[in-house]
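*Asks:* Predicted model and sequence follow; I will ask about them next.
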Amino acid sequence: MNSGFIAVALPIALGVIMFGLGLSLTPADFTRVAQQPKAVLIALVCQMVVLPLVAFGLVTLFGLEPLAAIGVMLLAASPGGATANLFSHLFGGDVALNVSLTAVNSVISVLTVPLITNAAIDHFGPEDGTGSLGVQFGKAVQVFAIVLIPVAIGMTVRALRPLFADRMDRPVRIASAIILVFVVIGAVASDRSGMNGDLPTIGLVVALLCAISLTVGYWLPRLLGVPERQAIASSMEIGVHNSAIAITIAISVLDSTEIAVPAALYAVVMSPFAATFGWLISRSLRRAGTAVATEPSRL
């Protein structure tokens, strides 16, 4: 698959995905944040602070090559995706919180993704001629364009034509899923020879990142007193990233298919991991509920 074609097609594909996200959002999804500030604040700290630290620890522990390490950090900085809402719904999470977190995260990522990615580039410092990589101001504007403008258009369509937005929601979600598959295939196909020897290690790192993200996203809020349903929503939002954003930025903004590889592999493993984690949590909650219901009275 021609890398030049992919570099052009990816922003268009991401635009469709983010437009679909916009069709599901309303201004209330942003203002709702003020109604549950504790859950939102904890989730954002996990997303913007804990996850990058976990990712940094993993790439350092496993000694990933510089471009792969940058790709993992870019992935960790990327916001949650609309798929997180689906998993949250399936396993009893607070979907309204998911929608709000996705909306807020998508806006904040315009700042955090360039910051974290540039920090990773500065630290890992590729020595193969790509050391000049970086999300500079002009490229940050590109990130803004491919992430927020389609969301704003989708929200505008929903505000003006709500019935049309409702009808289009499902078809656009299906199209987004299909597009994401082609994005992943394109990213991997473009780097057939670049990281083949390192793919198992990269795959292990992103699998661990996914598992740790889901676990931290659930247990940290619970330990800090966040209700169960909101903790499940937080877990899915933090553990299910919008890998399409990371892939698009890697290829179309940073011009590196190698940096896109971790996000492409993550897109493959995140769904089974999220489904398994959600099932385990649901099973644990059912058992706990049964135990409480059957416990003999002490009175």
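*Replies:* Alright, I've got the coordinates.
*Asks:* and the residue nearest to Ala152 when sequence neighbours are not counted, what is it in contact with?
*Replies:* Excluding the flanking residues, the one nearest Ala152 by C-beta to C-beta, 6 or more residues apart in numbering is Gly22, at 6.5 Å. For every residue, glycine as well, the C-beta is placed using N, CA and C. Residues near Gly22 by C-beta atoms under 8 Å, 6 or more residues apart in numbering: Pro150, Val151, Ala152, Ile153, Gly154, Met155, Thr156, Val157, Arg158.
*Asks:* switch to 7 Å and redo it
*Replies:* By C-beta atoms under 7 Å, 6 or more residues apart in numbering, Gly22 lies in contact with Pro150, Val151, Ala152, Ile153, Gly154, Met155.
*Asks:* again with Met73
*Replies:* Per C-beta under 7 Å, 6+ apart, neighbours of Met73: Pro52, Ala55, Phe56, Ile116, Thr117, Ala120.
*Asks:* So which of those is the closest to Ile17?
*Replies:* Closest to Ile17 out of these is Thr117 (19.6 Å), distances taken as C-beta to C-beta.
*Asks:* how about the helix or strand containing the closest one: buried residues?
*Replies:* Here Thr117 sits within helix 95-124, counting by DSSP states H and E. Residues of helix 95-124 classed as buried by neighbour count (16 or more other C-beta atoms under 10 Å): 95-106, 109-110, 112-114, 116-118, 120-121, 124.
*Asks:* what do you get for stretch 220-227?
*Replies:* Leu220, Pro221, Arg222, Val226.
*Asks:* per-residue pLDDT, the first one?
*Replies:* So that's Leu220. Leu220 is assigned a predicted lDDT (pLDDT) of 95.
*Asks:* re earlier: just flag the most distant two among the buried residues of stretch 220-227.
*Replies:* The widest separation within the buried residues of stretch 220-227 (C-beta to C-beta) is 8.5 Å, between Leu220 and Val226.
*Asks:* Mutual contacts of those two, please.
*Replies:* With C-beta under 7 Å, 6+ apart, Leu220 and Val226 have common neighbours Ile42.
*Asks:* can you count the residues close to Thr31?
*Replies:* By other C-beta atoms under 10 Å, the residues close to Thr31 number 10.
*Asks:* Helix or strand for it, just tell me which one.
*Replies:* helix 27-31.
*Asks:* where in the chain is pLDDT low?
*Replies:* 1-10, 126-144, 176-177, 180, 183-197, 288-299 (pLDDT under 70).
*Asks:* Specify the local secondary structure of the nearest residue to Gly203 once chain neighbours are set aside.
*Replies:* Distance criterion C-beta to C-beta, 6+ apart; nearest residue to Gly203, sequence neighbours excluded, is Leu265 at 5.0 Å. Assigned by DSSP: H, G, I helix; E, B strand; the rest coil, the conformation of Leu265 is helix.
*Asks:* tell me the contacts of Leu265?
*Replies:* Per C-beta under 7 Å, 6+ apart, neighbours of Leu265: Ile202, Gly203, Val206.
*Asks:* Could you rerun that using 8 Å?
*Replies:* Taking C-beta under 8 Å, 6+ apart as the test, what Leu265 contacts is Val188, Leu199, Ile202, Gly203, Val206.
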